[in-house]
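Visitor: next comes the sequence, and after it the predicted model I'd like to discuss.
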Amino acid sequence: MDDGEDVALDFGSEDDAMRHKRVRHPVACFFHLFFRVLAIVTYLFCGLFSNSFVTSFVMIVMMLSLDFWTVKNITGRLLVGLRWWNHVDEDGKSHWIFEARKKPGTLPPTAAESRVFWLGLIICPIIWSLFFFGTLFALKLNWLAVVVVGLSLSAANLYGYIRCKVGGKKKLSSIATNFLGQQILQRATATTPTDA
């Protein structure tokens, strides 16, 4: 090698290696699913371990609260780079803030972490909705309170993160309308008859 020859240094190659790693935050992925699965399993099998409704209610709501806090404050930020919160100004007005990570120097979330985050976030409200209709039709009104808490907390996180993902300033109805309009226009232009 010549002394006057320039050598290209490969800065950032360690970042590329980290980007391809499947799970960068295994503890966050674990706790993203742990409390919600534990709450659902406890709801399903609490009758086997305790006859006390109050004890079961407190345990399930505690797990749901831990899940809500973990997802809102930790796993959303680490796994997909999204966060949301409420800010009350000095006039007493409530402002909802929805943020998505847009720093150019930060690594994007991995596909595996994103998949774990969104699947866990979407499937749990569906499960709690099924529990809601099951308890409603079975007329188990005391368990309906537990299910409503589970559905409310999981749906609130889902709504907050959807708002973060699509943009906090936009209304979801206008986004859906624009998307449907684009789909109809694409189908109309794709199926136009050609002249022979």
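Guide: Alright, I've got the coordinates. Numbers count the residues shown, from 1 in each chain.

Visitor: hey, let's count contacts and neighbours off CA atoms from now on
Guide: Fine.

Visitor: and the most centrally placed residue in the chain, how close does it get to Thr70?
Guide: Geometric centre of the chain, nearest residue: Leu121, 4.1 Å, by CA atoms, centre = their mean. Distance of Leu121 to Thr70, given as CA to CA, to the nearest Å: 12 Å.

Visitor: do Met62 as well
Guide: Taking CA to CA, one finds Met62 at 12 Å from Thr70.

Visitor: Phe131 now?
Guide: In terms of CA to CA, Phe131 sits 23 Å off from Thr70.

Visitor: the more surrounded of the two?
Guide: Set Phe131 next to Thr70 and count neighbours by other CA atoms under 10 Å: Phe131 wins out with 22 against 17.

Visitor: the more buried one - nearest residue in space that isn't next to it in sequence?
Guide: The shortest distance from Phe131 to any non-neighbouring residue, by CA to CA, 6 or more residues apart in numbering, is to Val147 (6.5 Å).

Visitor: list the buried ones in the helix or strand the one you found falls within?
Guide: Val147 belongs to helix 141-166 when assigned by DSSP states H and E. Buried residues in helix 141-166, counted by 16 or more other CA atoms under 10 Å: 143-144, 146-147, 149-155, 157-158, 160-165.

Visitor: which helices and strands sit right next to that helix?
Guide: helix 53-70, strand 82-88, strand 94-100, helix 111-137 (3 or more CA pairs under 8 Å, 6 or more residues apart in numbering; DSSP states H and E).
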